[in-house]
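>>> Only the shape, not the letters, is given here:
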């Protein structure tokens, strides 16, 4: 069946170094949007989606309707997807990584702070987040060079320097901001879809040994900043109406600015994590405690402004079951358990040459499934 | 005396909404660099320094020498500084805030974690840092709207929402990256001056009540992200040779990538913090435990790349004496002490209408003093 519903946006070129322009994926083809007679057509002869994203919801919806009409009528501007080069779809402004899976936060808390309750006291009151490095967000396919840095096991007296021994992934979902907001003015939770254009997949590559030594008291830094990979296609929120679900019940009463009773933005995405082609986990995004609408309201409640290209990532998506955990530190319980692969080999953390891919689908209209494509990367040895 | 040595770079316009271009401050005038016959002159008809900064050290030094020759010969392109509007001098790429004053880290540790040693075990082994929000970095003069958010005193059962009651400053020094670096390739400590163009002043406005409740385990977020102010003038490293000093002795042996014995980048800046025109503190930047060269080497040792416009801030500059502390939480010891002003009024934290200014000077050639100008801002009531 031809998919005229998902219509994810990306940036492509016909040769690796060729001119970049905006495309929309349709089955096994890419619609060259830069060739179409659309309002603000110059936005699409661009190396990023930002100019288009900055125009806001009414324009996004208008373009979507025009594309659907064009596709229904037939167009000659469809290129075979195979052979095209896909690029980072957005110029990332600020990148914020949240921590919104209760299962993940509890698992990590048990491993990193075994003598304390797994959740910190603030966790059920606000969606915890921190800023990541936007300059090292790269498109799917970018290899990850094993990072070096300071590592110190609890039994070591002093840290040593060298390649990370605990290289990991975090399977996440990203939300791309289009419409900016003014400094000093919070964005109410009900305005989420006015500001956020769409959804991509994120692999927040993580070095657990660097992170464990550095992160107290100011949070993760070098343990995360070496690379964050995103999928090349951004699926519009407009395509995800059938995927909306309420978030799980909350234990703690929500402050009014986080109350999402009338703005449910849980999304029933089913993620799949593959290692060297073998599925190792199937994290359910619908299990997330905090939604992206709550994250956006929280991020701006102090008056912080949004820019076009801001990227909000969900934090690792982990479900309650072992085979739903979205990181290897959880799958292998920090080395205490091992993950056994089909060929009998085992993994606690990633080895050089490993290839990790994260994909996702979600309910579409009339029982169909929407595909988010994938975000993938190979581990290269430390330099 | 005419100052042809400092030559700080900024961005100005002749009316508030007028065309922006690059200028260099000379005494009470601004040299309109966009009017000069210089290599890559188009870089200076720009709303930011980034195009100029991206060209690297040899070009910066060449332009500096040409400007000095032009000024010595006399030029008609000097505009009275009074009446010009100054703008954010750089497009900020990634903003990283460090935590490099031992006195500050010990003071904060004693207040935030009274039951633990004041310094975390990693503190003397690496320059702790975290990413801040680059989209809310603004030029001096931008008012700070008192942020609202979740606050919870240790004696409260649950958090409440409302305006911050503990609004504070952090007096810092910022380092502006010009030359980018490649993903996967660390920048050695000796290459600091190849990548960093110059120095500005930073006020990292902080909400201590929002920060205290949110910051465990992933670090500061809304407690910082509402505004970070920078001075309009960026003083080139090339002007600061006479200000270079060795950092204080370190307790802990340094790993080789942080060894700065041959690359001393301590800088003898004397900062001044004023509240409503009254000097309340004089933090000595030469007392910082970690230098910006060490911060840059650390930031990239995991392979993270640099972009033109990256801003590295030092963290609060606090000296060993009470009147050398660079934040009000330290000056008033978290409300346990009070700061008494000349008119007999007292402060623990900032009140609406307060104006805070941070200025600095450093040794210049031949016994002169280099001025960094100031970064200033007024506190506006919560909206």
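All right, it came through fine. Just so it is clear, the model here is predicted, and its values are computed rather than measured.
>>> ok, and the closest non-adjacent residue to the residue in the stretch 251-383 of chain A that chain B sits nearest to?
Residue nearest to chain B within the stretch 251-383 of chain A: residue A:302 (3.8 Å; CB to the nearest CB). Heads up, the C-betas are built off the backbone N, CA and C, glycines and all. Distance criterion CB to CB, 6 or more residues apart in numbering or on different chains; nearest residue to residue A:302, sequence neighbours excluded, is residue B:147 at 3.8 Å.
>>> Using neighbour counts, pick out the buried residues of stretch A:108-124.
A:108, A:109, A:110, A:111, A:112, A:118, A:119, A:120, A:122, A:123, A:124 (16 or more other CB atoms under 10 Å in any protein chain shown).
>>> Could I get the residues you listed in a markdown table, plus columns for pLDDT, distance to residue B:140 and secondary structure?
Listed next are these as a markdown table, based on pLDDT from 0 to 100; distance: CB to CB, whole Å; DSSP: H, G, I helix; E, B strand; the rest coil:
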| residue | pLDDT | distance to residue B:140 | secondary structure |
| --- | --- | --- | --- |
| A:108 | 93 | 40 | helix |
| A:109 | 92 | 41 | helix |
| A:110 | 93 | 46 | helix |
| A:111 | 91 | 44 | helix |
| A:112 | 83 | 40 | helix |
| A:118 | 94 | 44 | coil |
| A:119 | 95 | 41 | coil |
| A:120 | 95 | 36 | coil |
| A:122 | 97 | 33 | coil |
| A:123 | 97 | 37 | coil |
| A:124 | 97 | 39 | coil |
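>>> Quick one: residues contacting residue A:86.
Taking CB atoms under 8 Å, 6 or more residues apart in numbering or on different chains as the criterion, residue A:86 is in contact with A:10, A:11, A:12, A:139, A:140, A:141, A:232, A:233.
>>> Who are the contact partners of the residue lying closest to residue A:268 once chain neighbours are set aside?
Leaving aside its sequence neighbours, residue A:268 sits nearest to residue A:286 (CB to CB, 6+ apart; 4.3 Å). Going by CB under 8 Å, 6+ apart, residue A:286 touches A:245, A:266, A:267, A:268, A:269.
>>> Neighbour-wise, which one of the residues you listed leads?
Within these, residue A:269 tops the neighbour count with 25 neighbours, counted by other CB atoms under 10 Å in any protein chain shown.
>>> Next up, the contacts around it.
A:173, A:199, A:243, A:284, A:285, A:286, A:360, A:361, A:362, A:372.
>>> swap the cut-off to 7 Å and go again
A:173, A:243, A:285, A:360, A:362 (CB atoms under 7 Å, 6 or more residues apart in numbering or on different chains).
>>> Kindly report the same for residue A:258.
Per CB under 7 Å, 6+ apart, neighbours of residue A:258: A:189, A:294, A:297, A:298.
>>> Save those residues as CSV, and put in neighbour count, pLDDT and secondary structure too.
Below are the contacts of residue A:258 laid out as CSV (neighbours: other CB atoms under 10 Å in any protein chain shown; pLDDT from 0 to 100; DSSP: H, G, I helix; E, B strand; the rest coil):
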residue, neighbour count, pLDDT, secondary structure
A:189, 25, 98, helix
A:294, 25, 98, helix
A:297, 25, 98, helix
A:298, 28, 98, helix
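>>> Of those residues, which are in range of chain B?
Checking those against chain B by CB under 7 Å from any CB of the partner chain, not one of them is in range.
>>> how many neighbours does whichever residue of the stretch 151-300 of chain A sits closest to chain B have?
Using CB to the nearest CB, the single residue of the stretch 151-300 of chain A nearest to chain B is residue A:219, 2.3 Å away. Around residue A:219 sit 27 other residues, with neighbours defined as other CB under 10 Å.
>>> before we move on, back to that, find me the pLDDT at the residue nearest to residue A:302, would you?
As summarised for this prediction, residue B:147 has a pLDDT of 98.
>>> OK, contacts around it?
Contacts of residue B:147 (CB under 7 Å, 6+ apart): A:302, A:303, B:164, B:207, B:210, B:226.
>>> Let's see which of those residues end up in strands.
residue B:207 (DSSP state E).
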